[in-house]
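A.B. asks: Have a look; sequence and predicted model below, questions after that.
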Amino acid sequence: MRPERRLPILALLLLAACQTPAPLPEPAPPPPLPVCPAPPPAPEAGDLQALLAYAQDLHKALAFSQGRGGAELAQATAQLELAASATEPQIEPLKPLATLLAARLAEQRRLQDNVDKLTQQLRDSQRRNEQLNEKLEALKAIEQTLPVKR
């Protein structure tokens, strides 16, 4: 090869060598994994028994609250009062639930009282309507027996 031809080829090779990408930097090490807190200790058998008894009281109150009569609502209220009077510290997280159920039960009782009152008013109105209809029919009968004036 002629020396004139070698020079451009050599220059091209040098330029090509300059365009090769530089080696990538080594990746950073991953951040350390967060340390999970230790799980809370398992509850003791006595704590579980107290929670179970409290849950059963709430369950009974819910069952009583499904009734339509005033007696069932009174039993549900008594059951919730029994549950609310519990003093065990492990039950404290469940007390807002009992409070919510008591408020719902009071509202249900108030609405049931309103329904009873309105039902009685409806019966009274229907009875009054029937009495007025009977009087109207009696007046019509009297009117038909009167002689016609000419």
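C.D. replies: Nice, thanks for sending it over. Numbers count the residues shown, from 1 in each chain.
A.B. asks: tell me, how many neighbours does Ala98 end up with?
C.D. replies: 22 (other C-beta atoms under 10 Å). Bear in mind the C-beta positions are built from the backbone N, C-alpha and C, glycine included.
A.B. asks: Glu81 versus that one, what's the distance?
C.D. replies: 9 Å (C-beta to C-beta, to the nearest Å).
A.B. asks: where does the chain have low pLDDT?
C.D. replies: 1-3, 14-22, 40, 42-43, 150 (pLDDT under 70).
A.B. asks: Which elements pack onto the longest helix along it?
C.D. replies: Ranked by residue count under DSSP state H, the longest helix found in the chain is helix 95-145. Other elements packing on helix 95-145 under the criterion 3 or more C-beta pairs under 8 Å, 6 or more residues apart in numbering; DSSP states H and E are helix 45-65, helix 70-84.
A.B. asks: Pull the distance from that helix to the chain's centre.
C.D. replies: How far helix 95-145 lies from its chain's middle: 33 Å, per C-alpha atoms, centre = their mean, to the nearest Å.
A.B. asks: helix, strand or coil for Arg68?
C.D. replies: Three-state assignment for Arg68 (DSSP: H, G, I helix; E, B strand; the rest coil): coil.
A.B. asks: on that earlier part again, out of the helices and strands packed on helix 95-145, which is the most enclosed?
C.D. replies: Highest mean neighbour count among the helices and strands packed on helix 95-145 (mean count of other C-beta atoms under 10 Å): helix 70-84, with a mean of 17.
A.B. asks: which residues make contact with that helix from outside it?
C.D. replies: The contact list for helix 70-84 (C-beta atoms under 8 Å, 6 or more residues apart in numbering) reads 54, 57-58, 60-67, 95, 98-99, 101-102, 105-106, 108-109, 112.
A.B. asks: 6 Å instead?
C.D. replies: Residues outside helix 70-84 that contact it (C-beta atoms under 6 Å, 6 or more residues apart in numbering): 57-58, 60-61, 64-65, 98, 101-102, 105, 109.
A.B. asks: Same list, these, but as JSON lines with distance to Gln131 please.
C.D. replies: Below are these laid out as JSON lines (distance: C-beta to C-beta, whole Å):
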{"residue": "Asp57", "distance to Gln131": "50"}
{"residue": "Leu58", "distance to Gln131": "49"}
{"residue": "Lys60", "distance to Gln131": "46"}
{"residue": "Ala61", "distance to Gln131": "44"}
{"residue": "Phe64", "distance to Gln131": "40"}
{"residue": "Ser65", "distance to Gln131": "39"}
{"residue": "Ala98", "distance to Gln131": "49"}
{"residue": "Leu101", "distance to Gln131": "45"}
{"residue": "Ala102", "distance to Gln131": "44"}
{"residue": "Leu105", "distance to Gln131": "39"}
{"residue": "Arg109", "distance to Gln131": "33"}
